[in-house]
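Chemist: when you get a sec, could you give me coordinates for this:
(one chain, ligands or ions: 1)
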Amino acid sequence: MYNVKSKKAEEFINHEEILATLKYADEHKNDSALIDEILKKAELKKGLDHREASVLLACEDKEVTDRLYKLASEIKEEIYGNRIVMFAPLYLSNYCVNGCVYCPYHQGNKCIARRKLTQAEIEKEVIALQDMGHKRLALEAGEDPVNNPIEYILESIDTIYKIKHKNGAIRRVNVNIAATTVENYKKLKDAGIGTYILFQETYHKESYERLHPTGPKHNYAYHTEAMDRAMEGGIDDVGLGVLFGLELYRYELAGLLMHAEHLEATFGVGPHTISVPRIKKAAGVDTTQFDNGIDDETFAKICALIRVCVPYTGMIISTRESKEVREKVLKLGVSQISGASKTSVGGYADENVHEEEDSSQFDISDNRTLDEVVNWLIKSGYIPSFCTACYREGRTGDRFMSLAKTGQIQNCCHPNALMTLKEYLCDYASSDTIKVGNEMILRELEKIPNEKARKIAKENVEKIAMGERDFRF
Ligand code: SAM
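Modeler: A predicted model of the protein is given here:
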């Protein structure tokens, strides 16, 4: 039976409730009075539930989609302004004991070279990432208790935070590793991680079990209840995601929103981020067997719906997506993007490791350098932000949410974005990026509403130009 507050996966992600939701959506997809009512509720910018979202997703009326896109852009603008947070993934190890059929790390895959970074190799990777200008990483690893135990992940986090090369620093390490115990989540929290990210892959239990035939990840309940354990372990910023293409997207959106509703109802705080990966070609994986792929238009509609349904949850898009798709969804709600990513273990520092080579996880569609991405964002009117202040100031979980909900976060995020962009321009940017970036900073500093904050931000930007670093509100 469906119970949003239950601790049991099959009760808070309830199959019958999803089927009833999809049926309701089909029955009401042309009910213009109801759709108008849902859109009016959405215009209050306080979110929608999985049923309301499913009706909008099922509705094929172009006018409704246009209204949804307009609203998603407005919410994006109001809550996140024109800032886009930058990050890069760091692949530590592709050893894995699971059998996930869509993932090239699956245990039986003989097509990829297995590799695990030593601490010395991690240092090289991190220096390469710092030399690009990155400040925020997402750690990635396969699940392997022998090769990648929690101690290895913890040691790696410690190594990463300690590396100070020139003006570089990794100031926030997010972690995307397999579902684990409350005790291990406590250890990750103590190691100072930012967000704990775990993609559900699919919310459809039967498909989940078929797609994860072997290994610990086969256990649907253990995987689905991971965020509850992470929160119990003290991690209050958690990141959800669905791997679109595995199951029917309408089922997945309903499940994803039910998961967010569950966290909010149980812990008083919803997910910090939602990622929207789509399945990609990969070595040793027959992606043609996944026939639930979604086209760019449907993908855009899903992004817009997530923005409207959970306005205060950041939305992440990776380099799995092309420049064109990224351009479109940035307008509709995406607030965080990766740049210059390598999905191979050791891919940043080791010139002999190429993306075409076998250790990479999946194909990348956006191959631009970080400077090219930053330059493109600035010219498109977005402020690339390397800010990591909220988490370092303890503004996580419900403290972040309550600030965001009262609009206060704007007074911190906007100047922080400008100050960290200034650091990037001083230390890493090309001459054209320096030019357009400095013009943007001058323009945007004037938009800081609070006079005192504006004055401090201007002074700090000057100090950064003179060599000082790491200011934050
Ligand atoms: N091993 C961890 C786990 O079990 O969740 C997470 C690390 S894995 C490197 C990160 C994510 O990559 C997975 O959760 C999956 O969604 C995604 N992924 C796997 N195969 C993919 C593919 N062929 N195309 C796109 N994304 C893929």
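Chemist: surely residue 207 and residue 246 touch.
Modeler: Yes: when contacts are counted by Cβ atoms under 8 Å, residue 207 is listed as touching residue 246 (6.6 Å). From N, CA and C alone the C-beta is placed, and that goes for glycine too.
Chemist: between those two, which is the more surrounded one?
Modeler: Taking other Cβ atoms under 10 Å, residue 207 and residue 246 do not tie; residue 246 has more neighbours (25 against 18).
Chemist: my guess is the more buried one meets residue 202, correct?
Modeler: Yes: if you go by Cβ under 8 Å, residue 246 and residue 202 touch, sitting 4.6 Å apart.
Chemist: name the helix or strand for residue 92, please.
Modeler: strand 83-93 (DSSP states H and E).
Chemist: next one: that strand to chain centre, how far?
Modeler: In terms of Cα atoms, centre = their mean, to the nearest Å, the centre of strand 83-93 is set 9 Å apart from its chain centre.
Chemist: that one near the ligand at all?
Modeler: No: on the criterion Cβ under 6 Å from any ligand atom, strand 83-93 is out of touch with the ligand, staying 7.0 Å away.
Chemist: pull the contacting residues for whatever residue of the stretch 351-473 of the chain ends up closest to the ligand.
Modeler: The ligand sits closest to residue 362 of the stretch 351-473 of the chain, with a gap of 3.8 Å, by Cβ to the nearest ligand atom. Going by Cβ atoms under 8 Å, 6 or more residues apart in numbering, residue 362 touches 104, 280, 281, 282, 320, 343.
Chemist: now, the most widely separated pair of those?
Modeler: For the contacts of residue 362, the maximum inter-member distance is 13.5 Å, found between 104 and 320 (Cβ to Cβ).
Chemist: on the three-state scheme, residue 464 is what?
Modeler: helix (DSSP: H, G, I helix; E, B strand; the rest coil).
Chemist: just give me the neighbour total for it.
Modeler: Neighbour number of residue 464 under other Cβ under 10 Å is 24.
Chemist: need the residues of the protein near the ligand, please.
Modeler: 102-103, 140, 142-143, 176-178, 198-199, 201, 217, 243, 277, 279-280, 282, 285, 320, 361-362.
Chemist: mind doing that once more with 8 Å?
Modeler: When proximity is defined by Cβ under 8 Å from any ligand atom, the chain lies next to the ligand at 91, 94, 96, 98, 100, 102-105, 140-143, 176-179, 197-199, 201, 217, 223, 241, 243, 245, 277-282, 285, 287, 320, 361-363.
Chemist: among those, which are in strands?
Modeler: Counting by DSSP state E, the part of those found in strands is 91, 140, 141, 176, 197, 241.
Chemist: and the pLDDT at the third one?
Modeler: Residue 141 carries a pLDDT value of 98.
Chemist: renumber starting at 852 from here on
Modeler: From this message on, residue numbering opens at 852, which makes the last subject residue 992.
Chemist: can you tell me which residues contact it?
Modeler: Counted by Cβ under 8 Å, 6+ apart, residue 992 has contacts 942, 943, 944, 945, 999, 1004, 1027, 1028.
Chemist: apply 6 Å and report the result again.
Modeler: The contact partners of residue 992, by Cβ atoms under 6 Å, 6 or more residues apart in numbering, come to 943, 944, 999, 1028.
Chemist: regarding the third one, what is its secondary structure?
Modeler: Spelled out, it's residue 999. Quick answer, by three-state DSSP: residue 999 is coil.
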